[in-house]
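**Student:** Return a 3D structure for these sequence lines:
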Amino acid sequence: MPTVKKSISTIGEQLRTLRENANLSLREVASNIGIDTSLLGKIERNERQPTKEQIKQVATFFKVNEKQLIKEMLSDQFAYKIIEEEADLDTLKVAEEKVEYLKKHK
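**Tutor:** As a prediction, the model looks like this:
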């Protein structure tokens, strides 16, 4: 199963790259994954974030690693939240510690 090329880019940019590399139009991809063409365009331009279900549909359609795409989507969400809250990267370290704590105390 192919994986998404590892580089720093947004999930929208990665989806656009997948689509363009396959020589497909927005309409073709949107139709195949069950969303509106304008919504896919907004996702590619980083004006909207895809849902987890949409990411799953994209992964299936392009036959790429679903878990990697979900990681990319989540990392975008974290990054946008950090920027929005004007937090520093130390916030991510605290969150990492909390994740470990919560896993142990489930």
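**Student:** Please count neighbours and contacts with C-alpha atoms only from this point.
**Tutor:** Fine.
**Student:** Give me the most central residue, this structure.
**Tutor:** Centroid-nearest residue in the chain: Met73, 2.4 Å away (criterion: CA atoms, centre = their mean).
**Student:** contacting residues around that one?
**Tutor:** Met73 makes contacts with 10-11, 49-50, as judged by CA atoms under 8 Å, 6 or more residues apart in numbering.
**Student:** now the residues you listed in TSV, with neighbour count and distance to Glu100?
**Tutor:** Converted to TSV, those look like this (neighbours: other CA atoms under 10 Å; distance: CA to CA, whole Å):
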residue	neighbour count	distance to Glu100
Thr10	20	26
Ile11	25	26
Gln49	21	27
Pro50	19	27
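**Student:** does the residue nearest to the centre of the chain belong to a helix or a strand, and which?
**Tutor:** Element membership of Met73, judged by DSSP states H and E, is helix 66-84.
**Student:** can you give me the angle the next helix or strand after that helix makes with helix 66-84?
**Tutor:** Counting by DSSP H and E, the element after helix 66-84 in chain order, helix or strand, is helix 90-104. Per axes from the mean of the first three to the mean of the last three CA atoms, to 10 degrees, the angle that helix 90-104 makes with helix 66-84 is 130 degrees.
**Student:** quick one on the thing from earlier: for the helix holding Met73, what does the pLDDT average out to?
**Tutor:** For helix 66-84, the mean per-residue pLDDT is 93.
**Student:** Pull stretch 45-60 out as CSV, backbone CA atoms only.
**Tutor:** Provided in CSV are the C-alpha atoms of stretch 45-60 (Å, rounded to 0.1, in the frame of the first residue of the first chain):
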residue,chain,number,x,y,z
ARG,A,45,-7.2,25.3,0.0
ASN,A,46,-7.1,24.8,3.8
GLU,A,47,-10.4,26.8,4.2
ARG,A,48,-12.1,23.7,5.7
GLN,A,49,-10.8,20.7,7.6
PRO,A,50,-11.9,17.3,6.4
THR,A,51,-13.7,14.9,8.8
LYS,A,52,-12.3,11.6,9.8
GLU,A,53,-14.8,9.9,7.6
GLN,A,54,-13.8,12.0,4.6
ILE,A,55,-10.2,11.1,5.2
LYS,A,56,-11.1,7.4,5.3
GLN,A,57,-12.9,7.8,2.0
VAL,A,58,-9.9,9.5,0.5
ALA,A,59,-7.5,6.8,1.7
THR,A,60,-9.7,4.1,0.3
